[in-house]
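Trainee: Quick one, what's the 3D model for this:
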Amino acid sequence: MRRKLLALAAMACLAALASLAQQQEAQQPPPAKKESVGEAARKNREQKKTAPKAKRVFTNDDLAAGPGGVSVVGQQAARPPGAQPQSAQPGQDQQEKKEEAKDEAYWRKRFSEARKKLQDAEKELDILQRELNLLQMQYYSDPNEALRQQYDRKDINEHRKKIEEKQREVEQLRRALAELEEELRQAGAPAAWAREP
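Mentor: So this is what the prediction gives:
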């Protein structure tokens, strides 16, 4: 069965290649007369005469490498040898782009992400507290398990640890949101950008 499928696939590929080759032959113009090497050279020279000359593009590298260098009017700021000009430093350009990108959409996105994390953590905390309440009212049908839980309360203690960890996480997220509001205030942006739309 597998061989038949492979054979059919191979035949389909060959048929597709044959039809593609026929289409290419139909699209190609009839072959022109072959020119001699001399005629081809003459046509090439004529084309070069009529073709527009390429324009020369000067870059900063060309200007500095030329004889005499670049003529600068005024005093040039002293910088340490091997240092790049300030505008050519890659970190500065990225920093400027970040400064420009801090518009309303940027701040609203950051606040919505922070609020979403806080809401998710608060929901998880609420679920953990409900589960703890259920565990405290738990009835064990197995008397051995009931006796064990009566003395060590392992599952309840583990759940309380989880709740304490989640409470710390919620507090950290609340502090992060407050810090973000302070950052917005220091950036001089309107306080309305911190509110939910």
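Trainee: what's the weakest-modelled helix or strand in the protein?
Mentor: Lowest on mean pLDDT, DSSP states H and E among the helices and strands of the chain sits helix 90-101, with a mean of 57.
Trainee: After it, heading C-terminal, what element do we hit next?
Mentor: Downstream of helix 90-101, the first helix or strand assigned by DSSP states H and E is helix 104-136.
Trainee: For that next one, buried residues please.
Mentor: Trp107, Arg108, Arg110, Phe111, Ala114, Lys117, Leu118, Ala121, Glu122, Leu125, Leu128 (16 or more other CB atoms under 10 Å). No exception for glycine: its C-beta is placed from N, CA and C like everyone else's.
Trainee: Adding distance to Val57 and pLDDT, write these out as CSV.
Mentor: Below are the buried residues of helix 104-136 laid out as CSV (distance: CB to CB, whole Å; pLDDT from 0 to 100):
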residue, distance to Val57, pLDDT
Trp107, 42, 87
Arg108, 44, 88
Arg110, 43, 90
Phe111, 47, 90
Ala114, 49, 92
Lys117, 51, 93
Leu118, 55, 93
Ala121, 57, 94
Glu122, 61, 94
Leu125, 64, 92
Leu128, 67, 91
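Trainee: Closest one of those to Ser19?
Mentor: Taking CB to CB as the measure, Ser19 sits nearest to Arg108 out of these, at 56.4 Å.
Trainee: List the contacts of that closest one.
Mentor: Trp193, Pro197 (CB atoms under 8 Å, 6 or more residues apart in numbering).
Trainee: distance of it from Leu8?
Mentor: Arg108 is 58 Å from Leu8, where distance means CB to CB, to the nearest Å.
Trainee: Ala26 now?
Mentor: From Ala26 to Leu8 the distance is 27 Å (CB to CB).
Trainee: These two: who's more crowded?
Mentor: Using other CB atoms under 10 Å, the more surrounded residue of Ala26 and Leu8 is Leu8, with 10 against 7.
Trainee: So what does Val57 have for phi and psi?
Mentor: phi -110, psi 120 (degrees, to the nearest 10).
Trainee: Do you know the pLDDT at it?
Mentor: Note on Val57: pLDDT of 75.
Trainee: With the one 3 residues further on instead?
Mentor: The pLDDT attached to Asn60 in the predicted structure is 74.
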